[in-house]
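>>> Model the structure of this input:
(one chain, ligands or ions: 1)
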Amino acid sequence: MRLGKFLAHAGAASRRGAERLVAEGRVTVAGEVVTDPARDVDESSEVALDGRPVEPEALEVHVLNKPAGVVSTARDTHGRPTVVQLVRSRRRLYPVGRLDADTTGVILLTNDGDLAERLTHPRYGVRKVYRARIRPPRLSPRALRALREGVELEDGTTAPARVRQLRPGVLEITIREGRKRQVRRMCEAVGHRVVELERVAFGPLGLRGLAPGESRRLTKVEIERLRQATEPRGRGRGRAARRKR
Ligand code: URA
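Coordinates of the predicted model:
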């Protein structure tokens with residue numbers, strides 16, 4: 001297995017973070033500094049990070065209902081509470097992607113760098129469902145069409161999205177990208193401010209009765225479903241697969 005992947009699997013960092021650790025010369029294999037993240041290693045290779053042996057650890061995934069005001073980085077320079085502090089685990093978990101501090105709802109935390117990478121990389125196109133309260137509340141058919149077809153943002157046009165008006169002023173928006181502040185920026189681009197934003201689903205996972213601030217560890221079956229959500233459409237995401245869920 002590639003060294004970067006081995007480190008991510010062992011919970012040392014995310015896949016990209018692991019490649020950085022290797023590039024910084026903090027990783028040794030059998031006592032020698034290795035700076036190539038593609039080096040082939042296994043459990044017997046004596047991989048160490050900052051001089052400490054790296055052992056594969058049990059992988060966990062947790063789902064948290066993130067309250068407003070909590071940041072989704074592992075640490076905050078302004079001392080605000082973090083999502084990591086709200087989840088009980090002996091492992092070093094990190095958030096899967098980001099939500100803005102004032103966005104609430106589903107956020108996943110894991111020590112499985114490989115799964116985290118698949119869940120967040122746009123190539124895998126995992127669906128994220130948001131509920132947005134907008135001002136002004138009345139959305140024109142033209143604005144609705146633009147949101148669905150793609151709006152121009154400074155970092156490029158958004159991919160087609162599923163958008164439903166649940167009631168005046170409340171939209172359900174499903175996207176498969178994950179750009180910074182994407183939903184807020186999409187709504188702003190068509191003349192609406194998002195005054196409340198909740199992520200109600202990440203792939204197959206919803207909040208299912210979790211109160212704000214509550215979290216729970218996913219079962220093996222749920223983790224497998226998450227993994228399936230990262231497979232190409234037609235496999236794992238087809239109608240038959242959905243019916244089984
Ligand atoms: N889109 C946003 O604008 N903010 C989030 O937190 C998530 C998606």
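>>> now the top strand by length along the chain: how far from the chain's centre is it?
What stands out as the longest strand in the chain, according to DSSP state E, is strand 193-202. Chain-centre distance of strand 193-202: 15 Å, with C-alpha atoms, centre = their mean, to the nearest Å.
>>> and it, which strands flank it?
Paired neighbours of strand 193-202 in the sheet (DSSP bridges): strand 104-110 (parallel), strand 128-135 (antiparallel), strand 205-206 (antiparallel).
>>> Near the ligand, which residues of this structure are found?
99-100, 103, 181-184, 197 (C-beta under 6 Å from any ligand atom). For every residue, glycine as well, the C-beta is placed using N, CA and C.
>>> Show the buried residues in the residues you listed.
Buried by 16 or more other C-beta atoms under 10 Å: 99-100, 103, 182-184, 197, out of these.
>>> Could you tell me which of the residues you listed belong to helices?
Per DSSP state H, helices hold the following members of these: 182-184.
>>> Tell me the one of these nearest residue 159?
residue 182 (10.2 Å; C-beta to C-beta).
>>> For that closest one, give its distance to residue 169.
In this view, residue 182 and residue 169 are 20 Å apart by C-beta to C-beta, to the nearest Å.
>>> now residue 162
18 Å.
>>> So those two - more neighbours on which side?
residue 169 (17 against 13; other C-beta atoms under 10 Å).
>>> Return the residues in contact with the more buried one.
Shown in contact with residue 169 (C-beta atoms under 8 Å, 6 or more residues apart in numbering): 133-138.
>>> what's the answer for residue 64, then?
83, 86-87, 106-109, 210, 213-215.
>>> change it to 6 Å
Neighbouring residues of residue 64 by C-beta atoms under 6 Å, 6 or more residues apart in numbering: 83, 86-87, 107, 215.
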